[in-house]
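# any chance you could fold what I've pasted below:
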Amino acid sequence: MNSKLSFRIVLRPEPEGGYTVLVPSLPGCVTYGDTVEDAVKMAEDAIAAYLESMKKHDEEIVDDSRTLESILNVEYA
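Take a look at the predicted model:
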């Protein structure tokens, strides 16, 4: 039986073009895509591979479905 999991991804534009994608709740799960759409597809593939490895090694999978997120703006001099 398949279950739906939710993972937050962060897309960072690169100076040379394209986007680096980070999956904060899966340490080391990083990928890249030329466009936003490509980056998201690459993230889906990277997450699937990461989860397969976790399953193979009997590691607990915890997703971001209960994660609260906010952006904090701070001033600095």
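
# when you work out contacts or count neighbours from here on, use the C-alpha atoms and nothing else.
Fine.

# buried set for stretch 38-48?
A39, V40, M42, A43, A46, I47 (16 or more other C-alpha atoms under 10 Å).

# centroid-nearest residue for the chain?
Within the chain, one residue has its C-alpha closest to the average C-alpha position: by C-alpha atoms, centre = their mean, that is V23, at 2.3 Å.

# what is the burial count for the residue nearest to that residue when sequence neighbours are not counted?
Closest residue to V23 apart from its sequence neighbours, by C-alpha to C-alpha, 6 or more residues apart in numbering: I9 at 4.8 Å. Neighbourhood size, I9 [other C-alpha atoms under 10 Å]: 20.

# what's near enough to touch I9?
V21, L22, V23, P24, A43 (C-alpha atoms under 8 Å, 6 or more residues apart in numbering).

# give me the subset of these that lies in helices.
Of these, the ones assigned to helices by DSSP state H are A43.

# take the contacts of I9 and keep only those in strands.
Using DSSP state E, V21, L22 are the members of the contacts of I9 that sit in strands.
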